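Participant: structure of the sequence below:
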Amino acid sequence: MSGEKSAKELLQEREKRVNDAIQLKVPDRVPIIPSFAYFPAKYASVTCEDAFFNLPKWHEACKKVAIDFEPDLYHFAMTQPGPVQIALGNKQLALPGHGVSPMHSHQFVEGEYMKADEWDAYLHNPTDYAIRTYLPRVYDKLKAFSSLPPLVRLFWGYGEVTTTELFTRPEFKEALNALELAGKEMEKWREEKSRFDQEMESLGFRAVSKGSTSPPFDLISDMFRGMRGSMLDMYRNPDKLLEACEWLTPRMIERGIKSAKASGNPRVFIALHRGAEGFMSLKQFETFYWPSLKKVIIALVDAGLTPAPFFEGDYTSRLEYLLELPRGKVVGHFDTTDIFRAKQVLGNHMCIRGNFPVSLLQTGTPDEIKEYTRKLIDVVGKDGGYIMATRGSLDEANPALVKVWVDFTKEYGVYR
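Facilitator: Numbering: from 1, shown residues only. Alright, predicted model coming up:
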């Protein structure tokens, strides 16, 4: 642990350093927030499967990483409770040890879980559609819900009690048992997560974010229509797609605000999956992606929170749009975007995070790592507003090289 400072002093020092960078002030040094993700598995000799099915063991590995590397904020894998997903028969996730190797990160299973001819059903009554159509497709154990009558019949009065007979069927009993089991597992998961957060704070560490939300377009593309379906919709069903984005926008705002305020952590993680170059044209970005995303980010700022979007892929051609966001209120994590161009465009407007190549931390040399670290600090870190981080996660990084990178950032990144 750093020097003789108390955990409270370390928390305050680290939070101030990060907040100064976000607010475009010059901190005492460049903050560093490694995207550790599944790195603890390799570093502490546990498995990725433990992250989903043995949370106390996984948390011990994460604690070891935090103590040994001392990040300004920690960022470990945002996992789901494995027993809950197994209990419900989730078909959208392939979990370590349950669909992929125990040593591999989880995988999202792309699918067209909402069909192209179902837009009207979804938009007319999203709740009915979710319960009777979407959930049975996504969860094996909830297939029985497809037999439910239209939920609007619940408004028809006492005569509809006849539908309770459905719950005597074996498939409904299975669904209800699965939900009860999932609920009990979820309760245990939340208790362990809360215990871990409290222990980490007692050691002087805090998460980069606990709350999250999604761009409306990405929620549709990821969870409902799939990448192929949503891209076809931009041509075949543009009005329906835009209507859905508009309908989802206030709900994504509410999700971000509630999750952040419940956690007590003001930073809201937003993963941007489909808005980059290579997924859609600039005109499509202007039409389908940016308007709703912009509303979400600005609403989070207005709620006193700090949006932390992860711009996956290349956003170089989209940098000027980010000038429409409130100054000094957002921290943008960039992947393959030209980070030096980002500094030119956003240097006096938005805190920039990221761009260190993970490949260097896998196969590079200490000298190569120091050289690129120095360049990022000298150019992107000039006059503040920069947080050192990698482009993506450190799952397969060499621990010795990660140590070189972290230590050199702290040594060289001091502002004088």
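Participant: going forward, measure contacts between C-alpha atoms and count neighbours the same way
Facilitator: OK.
Participant: quick one, longest helix in the chain?
Facilitator: Longest helix in the chain, counting residues (DSSP state H): helix 170-202.
Participant: what about it, average pLDDT?
Facilitator: For helix 170-202, the mean per-residue pLDDT is 97.
Participant: in it, which residues are buried?
Facilitator: 171-172, 174-176, 178-179, 182, 185-186, 189, 196-197, 200 (16 or more other Cα atoms under 10 Å).
Participant: and for stretch 372-388?
Facilitator: 373-374, 376-377, 380-388.
Participant: again, but for stretch 139-151
Facilitator: 139, 140, 141, 142, 143, 144, 145, 146, 148.
Participant: just the element for residue 373, please.
Facilitator: helix 366-375 (DSSP states H and E).
Participant: my bad, residue 352
Facilitator: In the assignment (DSSP H and E), residue 352 maps to strand 351-354.
Participant: what mean pLDDT does that strand have?
Facilitator: 97.
Participant: ok, residues contacting the next helix or strand after it?
Facilitator: For strand 351-354, the following helix or strand on the C-terminal side (DSSP H and E) is helix 360-363. With contact meaning Cα atoms under 8 Å, 6 or more residues apart in numbering, helix 360-363 is reached by 368, 369, 396, 397, 398, 401, 402.
Participant: one step back: which among the buried residues of helix 170-202 gets closest to residue 307?
Facilitator: residue 197 (20.7 Å; Cα to Cα).
Participant: which stretches in the stretch 101-250 of the chain count as strands?
Facilitator: Along the stretch 101-250 of the chain, counting by DSSP state E, counting those that start in this stretch, strands occupy 107-108, 211-213.
Participant: can you put those strands in JSON lines and add distance to residue 277, mean neighbour count and mean pLDDT?
Facilitator: Below are the strands of the stretch 101-250 of the chain laid out as JSON lines (distance: least, Cα to Cα, whole Å; neighbours: other Cα atoms under 10 Å; pLDDT from 0 to 100):
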{"stretch": "strand 107-108", "distance to residue 277": "21", "mean neighbour count": "13", "mean pLDDT": "96"}
{"stretch": "strand 211-213", "distance to residue 277": "22", "mean neighbour count": "22", "mean pLDDT": "97"}
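Participant: so can I have TSV of those strands showing distance to residue 116?
Facilitator: Putting the strands of the stretch 101-250 of the chain into TSV (distance: least, Cα to Cα, whole Å) gives the following:
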stretch	distance to residue 116
strand 107-108	21
strand 211-213	25
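Participant: out of those, nearest to residue 334?
Facilitator: It is, among those and with distance given as Cα to Cα, strand 211-213, at 17.2 Å.
Participant: could you say what helices and strands the closest one packs with?
Facilitator: Judged by 3 or more Cα pairs under 8 Å, 6 or more residues apart in numbering; DSSP states H and E, strand 211-213 is in contact with helix 238-263, strand 267-272.
Participant: the buried residues of stretch 139-151 in helices, which ones?
Facilitator: Among these, DSSP H puts none in helices.
Participant: so which of the residues you listed sits lowest on pLDDT?
Facilitator: residue 148 (94).
Participant: so how far is the helix holding residue 373 from its chain's centroid?
Facilitator: With Cα atoms, centre = their mean, to the nearest Å as the basis, helix 366-375 stands 28 Å off its chain's centre.
Participant: also stretch 409-416?
Facilitator: 29 Å.
Participant: now the end-to-end length of it.
Facilitator: One end of stretch 409-416 sits 14 Å from the other (Cα to Cα, to the nearest Å).
Participant: quick one: buried residues of it?
Facilitator: 409, 413.
Participant: what are the contacting residues of it?
Facilitator: Contacts of stretch 409-416 (Cα under 8 Å, 6+ apart): 26, 27, 28, 29, 30, 31, 32, 373, 374, 377, 388.
Participant: what mean pLDDT does it have?
Facilitator: Here the average pLDDT along stretch 409-416 is 96.
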